[in-house]
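1. okay, sequence plus prediction incoming.
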Amino acid sequence: MAYSTIPKPSVHFNTKLYTGNGGTQSITGVGFQSDFTWIKRRDTTNNHRVTDAIRGVTKEIYPDDTSAQDTRTGGLTAFGADGFTVGDSAGYNANSGTYASWNWKANGQGSSNTDGSINTTYTSVNTTAGFSISTYTGNNTSGATVGHGLGAVPKMIIVKRLDSADAWCTYHVNIGNTRRAKLNTTDNYSTGSGYWNNTSPTSTVFTIGNSSEVNGSGGNYVAYCFADVAGFAKFGGYTGDNNANGNFCYLGFKPAFVILKNWTSSGFSWELFDNKRNTTDGVANVIQKRLYPDSNAAEGGSSSTNYIDFLSNGFKIRRAGDSNENNSNYIFMAFAEEPLVANSGTSGVPATAK
């Protein structure tokens, strides 16, 4: 049994729910100073919004939209020691609106990384948690490399061009280096060397082609890189069987957050689940609420709809169709609430399900 290197995952990733007040509000209880905050209004149609410490407060991009970076003075206006502050924008803080925020710790604004052929403007990295944020300027050169600072091989990379409308270009280890998915659509994969130059990332750099999505001449980009970390983060896949008693995916931890995507069939949304938005009907482990990273739609699900189980050592699919189409291939990204065994040696205490 593998032991976690992160006994308390919530000091590196945490979901925080809140209700808007229509003015200015400090959201506390995150547990750390977030460097990457993703917010979605749950009760109505509204864009997903991402702000990070490198690009700076009030700078937002939208996972469900190709739009360029925008400035929102009433958006996320400050990162605090235990959370963040939001203004009066409806996407962040409408009166009585309900919101979910997902928060990751990196390392502030960071500094330039010079490991690749393109020097990053800034790279903010949390090597313990396998997460980094980088900004860089494209040069339209196939085979260009960008340093990510993780000291481990990224299993998932999400790149967004900031100065024009382009797709959220996504690498996942299960899709491979000749293809990319798009976070902002229900499309399946696309094949082409213009994305990752048919080259897998290394422990120091990721490689890009000459697509405008990742490397247009003079284009400004942000890249979010994620690595596997025992007991904290896992990136993998499974094949659907269209069965309500579906696949079990071993993670080595009790999940706090899971995103799934059917990448071989088009027309299927990315699905986002977490451990804070479940219903309170007493059904142990079952997650019954979902959001869609590629859609501005309100939260879906009810106490009569079981999507997946969050278990002590992984998750299990509990619904035919959607995230379980027969013979379709799926990718996932998952972060921990609690490691299966938190401490090394014989003192390790196994996690339990709800």
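-> Yep, it's here.
2. can you list the weak-confidence ranges in this structure?
-> For the chain, applying pLDDT under 70 flags the ranges 1-3, 279-284, 342-354.
3. per the record, what domains does it have?
-> For the chain, the structural domains run 10-104, 122-226, 234-347, going by automatic domain parsing.
4. pick the most buried one from those.
-> Among the domains of the chain, domain 122-226 has the highest mean neighbour count (mean count of other CB atoms under 10 Å), at a mean of 21. Quick note: C-beta positions are derived from backbone N, CA and C, even for glycine.
5. phi, psi for the closest residue to S111 other than its chain neighbours please.
-> Using CB to CB, 6 or more residues apart in numbering and skipping residues adjacent in sequence, the residue nearest S111 is Y122, 6.4 Å away. Y122 has phi and psi values of phi -140, psi 150 when expressed as degrees, to the nearest 10.
6. need the contact list for Y122.
-> If you count contacts by CB atoms under 8 Å, 6 or more residues apart in numbering, Y122 has them with 54, 109-112, 133-135.
7. where do the helices sit along the stretch 201-350 of the chain?
-> Along the stretch 201-350 of the chain, counting by DSSP state H, counting those that start in this stretch, helices occupy 212-215.
8. quick check: the residue nearest to S111 vs S112, distance?
-> Y122 sits at a distance of 6 Å from S112 (criterion: CB to CB, to the nearest Å).
9. cool, Y238 as well?
-> Distance from Y238 to S112, by CB to CB: 39 Å.
10. contacts only, for G209.
-> G209 sits next to 142-143, 192-197, 215 when contact means CB under 8 Å, 6+ apart.
11. the closest residue to it other than its chain neighbours in helix, strand or coil?
-> Leaving out its chain neighbours, the residue that sits closest to G209 by CB to CB, 6+ apart is G194, at 3.9 Å. Following DSSP: H, G, I helix; E, B strand; the rest coil, G194 is assigned to helix.
12. would you agree G194 is in contact with S211?
-> Yes. Counting by CB atoms under 8 Å, S211 is a contact partner of G194 at 3.4 Å.
13. returning to what we had before: what's the farthest-apart pair in the contacts of G209?
-> The largest separation in the contacts of G209, counting by CB to CB, is between G143 and G192 at 14.0 Å.
14. for the contacts of Y122, work out which two are farthest apart.
-> Pairwise distances among the contacts of Y122 were taken by CB to CB; the largest, 12.9 Å, belongs to S112 and I133.
15. need the overlap of contacts for those two.
-> With CB under 8 Å, 6+ apart, S112 and I133 have common neighbours 122-123.
16. neighbouring strands of the one helix or strand S26 maps to in the sheet, and parallel or not?
-> Per DSSP states H and E, S26 falls inside strand 25-28. Strand 25-28 pairs in its sheet with strand 83-86 (antiparallel), by DSSP bridges.
17. can I get the strand it pairs with in CSV, CA atoms only?
-> Taking C-alpha atoms only, strand 83-86 is exported to CSV below (Å, rounded to 0.1, in the frame of the first residue of the first chain):
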residue,chain,number,x,y,z
GLY,A,83,-9.5,32.7,0.9
PHE,A,84,-10.4,35.6,-1.5
THR,A,85,-12.5,38.7,-1.9
VAL,A,86,-15.2,39.2,-4.5
